[in-house]
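K.L.:
Take a look and give me a structure for this.
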Amino acid sequence: TFDLSNYIAPHIQYRTWFANGGGNSNPNDTLTVWITNGTETVLIEKINNPKGIWRAANDLEVSAILEPTASMQLVFSTTDLSSSGHVLEAGVDEFLVTGDFISKTNNTIAFSKFTANPNPFTNSILISAEGLQGAQYTVSNVFGQILESGNCTKNASQMELGKTWVPGVYFIKLTDNKAGKLSTMQLIKQ
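P.N.:
Next comes the predicted model:
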C-alpha cells in the first residue's frame, strides 16, 4: 500500500517482463496489472505477448484512472494454467511514483517550531514541535509506502523515531485535525 493523497497529478511508472512458451499448445497465459485506491479497482493492462523481453516503462496518470488516496495498490497477477504445460515467467522492476508532493493547506496551519534533530541521522531522530500532544504522525518512504504511523503521546512535545529504519529518505507528516495543523518534513537516515 502506498499513499498518493499528498500528490498533485501523481504518475506511476513500472516495467514488466513476461515470457510464456513451451508446452503442447500455443502460449495462452497472461500477466494482468490492476490499480486500486481501496474503493475502486481498475484493470490497467493484460500482457500476453509471449516474448521474454523487458517492456518499455509504463507511465500512468493516476488521477485520469481513479482518485488518488492513501490506500493505493498496484497489483500484478499471473497464473500458469496447469493443463498447458507452458513455462511462465513474469517480473516487475523500476516502480516509481512521480508528481508534486504537497502539503494540503485548506485552512491548515503548520506546527510551530517543528524540528528533527539530528537530520541526517544514523541511529534515531528526535522530532519536536509545539502542539505535538494529541497529533497523529505518518512516516513514509520515497515510494509513498507508509512505514510507521501513530498518535503522539499526550503531554509530550517530542518523540524519538527511526531506530529500526534502514538507511534511506523518509517523510514525516504531522496532522492535528482538531487544531487544523499539518506539517511535513524530509528525514534522512545514513
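
K.L.:
Return the helix or strand in the protein with minimum mean pLDDT.
P.N.:
Ranking every helix and strand in the chain by mean pLDDT, DSSP states H and E puts strand 181-189 at the bottom, with a mean of 82.

K.L.:
can you give me the strands in this protein?
P.N.:
Assigned by DSSP state E, the chain shows strands spanning 7-21, 31-36, 41-47, 53-54, 58-61, 73-78, 87-101, 115-117, 125-128, 136-141, 146-151, 158-161, 168-176, 181-189.

K.L.:
which one is the residue lying farthest from the centre of the chain nearest to, not counting chain neighbours?
P.N.:
Centroid-distance maximum for the chain: residue 24 at 40.8 Å, with Cα atoms, centre = their mean. Leaving aside its sequence neighbours, residue 24 sits nearest to residue 85 (Cβ to Cβ, 6 or more residues apart in numbering; 5.3 Å). No exception for glycine: its C-beta is placed from N, CA and C like everyone else's.

K.L.:
who's in contact with that neighbour?
P.N.:
Neighbouring residues of residue 85 by Cβ atoms under 8 Å, 6 or more residues apart in numbering: 22-25.

K.L.:
Which one (most neighbours) among these?
P.N.:
The residue in the contacts of residue 85 with the most neighbours, by other Cβ atoms under 10 Å, is residue 23 (17 neighbours).

K.L.:
was I right about that residue contacting residue 83?
P.N.:
No - contact criterion Cβ atoms under 8 Å: residue 23 and residue 83 do not qualify, at 9.2 Å.

K.L.:
how about low-confidence regions in the protein?
P.N.:
Residue ranges of the chain with pLDDT under 70: 81, 84, 100-111, 154-156, 177, 179-180.

K.L.:
Mind doing that once more with 80?
P.N.:
Scanning the chain for pLDDT under 80 picks out 6-9, 22-26, 50, 80-85, 99-114, 130-134, 142-144, 153-157, 176-183.

K.L.:
Residue 33: neighbour count?
P.N.:
Residue 33 has 20 nearby residues by other Cβ under 10 Å.

K.L.:
let me redo that: residue 136
P.N.:
13.

K.L.:
who's it bridged to?
P.N.:
Note on residue 136: beta-bridge partners by DSSP bridges are residue 151, residue 175.

K.L.:
wait, what's in contact with the residue nearest to residue 114 when sequence neighbours are not counted?
P.N.:
When the adjacent residues along the chain are set aside, residue 114 lies closest to residue 129, with 4.2 Å between them (Cβ to Cβ, 6+ apart). The neighbours of residue 129, taking Cβ under 8 Å, 6+ apart as the test, are 111-115, 135, 157-158, 174, 183.

K.L.:
Fine by me, we can end here.
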